[in-house]
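>>> please find the sequence and the predicted model below.
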Amino acid sequence: MEPLILHSPVDWILFLLEALGAVSFAVSGTIIAIKKRNDAVGAVIFALITAFGGGLIRDLVIGRNPPALFTSMEYAILAAVCFCISFVLFGVAFIGKTATVLTERMHNVLLEGSDMIGLALFCVLGVDSAIGFLGTSANPALLIFCGCITGIGGGILRDIFSAQIPLVFRKHIYLIPALIGTSCYVLLLNYLPRLAAILISVSIILVIRILAICFHWNLPTPLGKEEKQPAPETKA
């Protein structure tokens, strides 16, 4: 495993931003597990899948073998932190019965907030990671895809494993800010320092997501009532 290599202040800032994104996604994954009444193992797995699933898919797409998750000390530290946070959150919910003390609205606010922060940070840092591996001459479309899949991939896996339609397909504007933010980062890198481009692009995603949540922006869906699943047949 590669040692922890953080030479400059920019490297430390980016590592802390990635840690914030991973923790945010781990919290959202744990909240989903608690709401679905999973056990401690399920909560930890949901947290790790949400935090690192997108980056794992990105590395497989760009041909990084083995993926950075299994070779980098930074990711090993982040995985350990996410494990501890998920376990603590589940312990509080189990011992203190947080799932019944907190209202549904509080759960939703925590889920939306953590998911929003994780999306913004991981989309932009996903592009940055892809550039670090492929170089600045890589196809911009591929870089944008890598950023988007890093940001939404873990959430899609989390929602699939929890037997629900992924959030990206059904609630508020989700993929659009990811596309806008990653495209801005690819463009701004030609004119601004790396850290400035990252912070501006992350801010763009956050602002769009906050506005979408506050004003209930959604893409149009077909009219009509949602089709209900037929009740399972019971044997006499």
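In hand now; what should we look at?

>>> for L56, what is the enclosing helix or strand?
In this structure, L56 sits in helix 40-62 according to DSSP states H and E.

>>> from the contact counts, what lies against the helix or strand that that helix is followed by?
Under the assignment DSSP H and E, the closest C-terminal helix or strand after helix 40-62 is helix 73-95. Other helices and strands packing on helix 73-95, by 3 or more Cβ pairs under 8 Å, 6 or more residues apart in numbering; DSSP states H and E, are helix 9-35, helix 40-62. Any C-beta I mention is one placed from the backbone N, CA and C, and that applies to glycine too.

>>> quick one: closest of these to A196.
Each of the helices and strands packed on helix 73-95 has some distance to A196 by Cβ to Cβ; the shortest is helix 9-35, at 10.4 Å.

>>> how big is the angle separating that closest one from helix 73-95?
Put simply, helix 9-35 runs at 30 degrees to helix 73-95, going by axes from the mean of the first three to the mean of the last three Cα atoms, to 10 degrees.

>>> show me what helix 9-35 is packed against.
When contacts are defined as 3+ Cβ pairs under 8 Å, 6+ apart, helix 9-35 packs onto helix 40-62, helix 73-95, helix 98-101, helix 104-134, helix 140-161, helix 194-214.

>>> now it, how far from the centre of its chain.
Distance of helix 9-35 from the chain centroid (Cα atoms, centre = their mean, to the nearest Å) equals 8 Å.

>>> same question for the helix holding L56: list its buried residues.
Neighbour-count burial for helix 40-62 flags 42-59, 62 (criterion: 16 or more other Cβ atoms under 10 Å).

>>> go through the helices and strands packed on helix 9-35 and name the closest to P9.
Of the helices and strands packed on helix 9-35, nearest to P9 by Cβ to Cβ is helix 194-214, at 9.0 Å.

>>> can you show me the CA trace of that closest one as CSV?
Extracted as CSV, the C-alpha positions of helix 194-214 are listed here (Å, rounded to 0.1, in the frame of the first residue of the first chain):
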residue,chain,number,x,y,z
ARG,A,194,-6.4,24.0,-9.2
LEU,A,195,-7.7,24.8,-5.7
ALA,A,196,-9.7,27.9,-6.9
ALA,A,197,-11.3,25.9,-9.7
ILE,A,198,-12.2,23.1,-7.2
LEU,A,199,-13.8,25.5,-4.7
ILE,A,200,-15.8,27.4,-7.3
SER,A,201,-17.1,24.2,-9.0
VAL,A,202,-18.1,22.7,-5.6
SER,A,203,-19.9,25.9,-4.7
ILE,A,204,-21.8,25.8,-8.0
ILE,A,205,-23.1,22.3,-7.3
LEU,A,206,-24.0,23.2,-3.7
VAL,A,207,-25.9,26.3,-4.8
ILE,A,208,-27.9,24.4,-7.4
ARG,A,209,-28.7,21.6,-5.1
ILE,A,210,-29.8,23.9,-2.3
LEU,A,211,-32.1,25.9,-4.6
ALA,A,212,-33.5,22.6,-6.0
ILE,A,213,-34.3,21.4,-2.5
CYS,A,214,-35.7,24.7,-1.2
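
>>> contact partners of that helix?
Outside helix 194-214, the residues within contact range by Cβ atoms under 8 Å, 6 or more residues apart in numbering are 10, 13-14, 17, 112, 116-117, 119-121, 123-125, 128, 172-174, 176-178, 180-182, 184-185, 188-189, 192, 217-218.
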